[in-house]
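In: I'd like to go over a predicted model; first the sequence, then the structure.
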Amino acid sequence: MNIILFDQPSFRNQLKPITLTRPIGKVRVGILTINEKWQKYLNADISFLTESYLSKKYKTTYANQNYYINASCLPNEHFANAISKLRENEALISNGILLALSSSQKLVFGEMNLPELNTIEYSHSDITTISELPHLFLNNGSQIIADFEKITKGRKSASILDKYTAIYNEQSIFIEEGASLKASILNAENGPIYVGKNVIIQEGSLIIGPASICENATVAFGAKIRPNTTIGPASRVGGEVGNSIFHGNSNKAHDGFLGNSYIGKWCNLGANTNNSNLKNDYKTVKLYNYNTQSLYDTNEIYCGTFMGDYSKAGISTMFNTGTVVGVSSNIYGSDFQEKFINSFSWGGKTDGYQTYRFEKAIEVINATMARREKSLNIEEIEILSYITKNK
């Protein structure tokens, strides 16, 4: 099967800033990114159909027969099976939303309607759809559980050799080869804990499932990792974190609280950076929406910070309930930050936000990546250039 994960434009806009630098199919929720989930379920080649400025890096691969799947819809066995049975120009829809279609035609972003399309109503109510930012943390726990079952089925966990590490409900803990655990507590009584290859869990760490510590990540000593948390590949996380996702290669190495949040790649939260995820009056949280360019009511009482790739927060930065930070911003200052901070911003609420000069931003990003022997490629620089010109 040739699978093409397509971005629905309205959903894509509502998932910014996370999708400013990637198609929806590359977003991480649970242990895996969405495209990795579909690879597990359908054992197929995956490509992406997204905005033109991303398409050079995230190409669309067409074949004689293509299965287009709404990237916001997460897989399960029944849904994947229904897609695999689609014939030419047949489509699955649910409540007016296009879920998937089969076609030999080369469709383009934003134009998924075919005049000869035969629509089939998908009546099962088992599809999880990620169409707004809060959906990421709201579904992270259940997706960790689903991914855990898929990844570990028929496999045997590596042993925990450290005699000072305490484990609870061992059958729901899976350790990949090369992981190192010392004097920690892993409690999987209420959900599984996945520990990826070459992960380091330092002394005094507490991890409560459902939780995922992905490949090459580090849990800093004394960390408190609360349920429904994903620490993406090569990230380093300490302090107190709950119901949050680190996409990958990001740092929160010091104390400070982060809750109900999503942190993109190559981000850094300075020492004692904290976010609010609950208002003092317990009212529902309003959040900036890129689709409407205004605040909207999430109808959620708990809602934290959503930070785009390459952004940084200085020491003791305070993020208000329901804060959105764009791509490649450098934020600092003693007061609570604004609820929406545009991409390529420099400064803080107290002294004001200035435009982060593009050449300087690229220099800082490359300096950050150089610490792990990486750098931006031409395609990534072009994406960032597009964002700074269209923010």
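Out: Now that the structure is in, tell me what you want to look at.

In: for this structure, name the helix or strand with the lowest mean pLDDT.
Out: Lowest by mean pLDDT, DSSP states H and E among the helices and strands of the chain is strand 118-121, with a mean of 92.

In: would you give the sheet partners of it, along with the direction of each?
Out: Here strand 118-121 is paired, per DSSP bridges, with strand 90-94 (parallel).

In: name the surrounding residues that touch the strand it pairs with.
Out: 82-83, 86, 98-102, 117-123, 127 (Cβ atoms under 8 Å, 6 or more residues apart in numbering). C-beta here means a position set from N, CA and C on the backbone, and glycine is covered the same way.

In: closest to Tyr62 among the residues you listed?
Out: Among the contacts of strand 90-94, Ser102 lies closest to Tyr62 (Cβ to Cβ), at 13.0 Å.

In: that closest one belongs to a strand?
Out: Yes - assessed with DSSP: H, G, I helix; E, B strand; the rest coil, Ser102 lies in a strand.

In: tell me the contacts of it?
Out: By Cβ under 8 Å, 6+ apart, the neighbours of Ser102 are Gln65, Asn66, Tyr67, Tyr68, Leu86, Arg87, Glu88, Asn89, Glu90, Ala91.

In: just the closest of those residues to Leu54, please.
Out: Distances from Leu54 to these, taken by Cβ to Cβ, are shortest for Tyr68, at 16.8 Å.

In: ok, which stretches of the stretch 101-250 of the chain are helices?
Out: Secondary structure of the stretch 101-250 of the chain (DSSP state H, counting those that start in this stretch): helices located at 134-138, 140-152.

In: which of the ones you listed sits closest to Ser385?
Out: Closest among the helices of the stretch 101-250 of the chain, using Cβ to Cβ: helix 134-138, at 26.6 Å.

In: helices or strands up against the closest one?
Out: Here helix 134-138 touches no other helix or strand, going by 3 or more Cβ pairs under 8 Å, 6 or more residues apart in numbering; DSSP states H and E.

In: chain center to that helix, what's the gap?
Out: With Cα atoms, centre = their mean, to the nearest Å as the basis, helix 134-138 stands 9 Å off its chain's centre.

In: please shift the residue numbers so they start at 294 in all later answers.
Out: Got it, the first residue is 294 from now on, which makes the last one we talked about helix 427-431.

In: list of residues touching that helix?
Out: 308, 311, 320, 322, 422-423, 521, 536-538, 553-555, 580, 591, 593, 596-597, 599.

In: tell me who's in contact with the nearest residue to Ser473 once chain neighbours are set aside.
Out: Take Ser473 and drop its neighbours on the chain: the residue closest to it by Cβ to Cβ, 6 or more residues apart in numbering is Ile493, 5.0 Å away. By Cβ under 8 Å, 6+ apart, the contact list for Ile493 reads Ala472, Ser473, Ala510, Thr511, Val512.

In: beta partners of Ile493?
Out: Under the criterion used (DSSP bridges), Ile493 bridges to Ser473, Thr511.

In: check what pLDDT it gets.
Out: You'll see Ile493 listed with a pLDDT of 98.

In: which one (most neighbours) among the contacts of Ser395?
Out: Tyr361 (24 neighbours; other Cβ atoms under 10 Å).

In: I'd say that one and Ser396 touch.
Out: Yes - counting by Cβ atoms under 8 Å, Tyr361 touches Ser396, with 6.8 Å between them.

In: which non-adjacent residue is nearest the residue lying farthest from the centre of the chain?
Out: Outermost residue of the chain with respect to the C-alpha centroid, by Cα atoms, centre = their mean, is Glu409; its distance is 35.8 Å. Excluding its sequence neighbours, the residue lying closest to Glu409 (Cβ to Cβ, 6+ apart) is Asn382, at 5.4 Å.

In: show me the contacts for the one you found.
Out: Contacts of Asn382 by Cβ under 8 Å, 6+ apart are Leu394, Ser395, Ser396, Leu407, Glu409, Leu410, Asn411.

In: go again using 7 Å as the cut-off
Out: Residues in contact with Asn382 (Cβ atoms under 7 Å, 6 or more residues apart in numbering) are Ser395, Ser396, Leu407, Glu409, Leu410, Asn411.

In: measure the fifth one to Gly484 for me?
Out: Spelled out, it's Leu410. 40 Å (Cβ to Cβ, to the nearest Å).

In: coming back round to it: out of the contacts of strand 383-387, which end up buried?
Out: Ala375, Ile376, Leu379, Leu391, Leu392, Ala393, Leu394, Ser395, Ile413, Tyr415, Ile420 (16 or more other Cβ atoms under 10 Å).

In: okay if I get the residues you listed as a markdown table plus distance to Cys366?
Out: What follows is the buried ones among the contacts of strand 383-387, written out as a markdown table (distance: Cβ to Cβ, whole Å):
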| residue | distance to Cys366 |
| --- | --- |
| Ala375 | 11 |
| Ile376 | 10 |
| Leu379 | 14 |
| Leu391 | 9 |
| Leu392 | 5 |
| Ala393 | 8 |
| Leu394 | 12 |
| Ser395 | 15 |
| Ile413 | 15 |
| Tyr415 | 10 |
| Ile420 | 5 |
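
In: out of those, what pair is the most spread apart?
Out: Ser395 and Ile420 (17.5 Å).

In: ok now stretch 354-361, how far from the chain's centre?
Out: Computed by Cα atoms, centre = their mean, the chain-centroid distance of stretch 354-361 equals 26 Å.

In: mean confidence for that stretch?
Out: The model assigns stretch 354-361 a mean pLDDT of 96.

In: quote the end-to-end distance of it.
Out: 11 Å (Cα to Cα, to the nearest Å).

In: residues making contact with it?
Out: Contacts of stretch 354-361 (Cβ under 7 Å, 6+ apart): 294-297, 299, 338, 340, 376, 379, 393-397, 399-400, 405.

In: no further questions, thank you.
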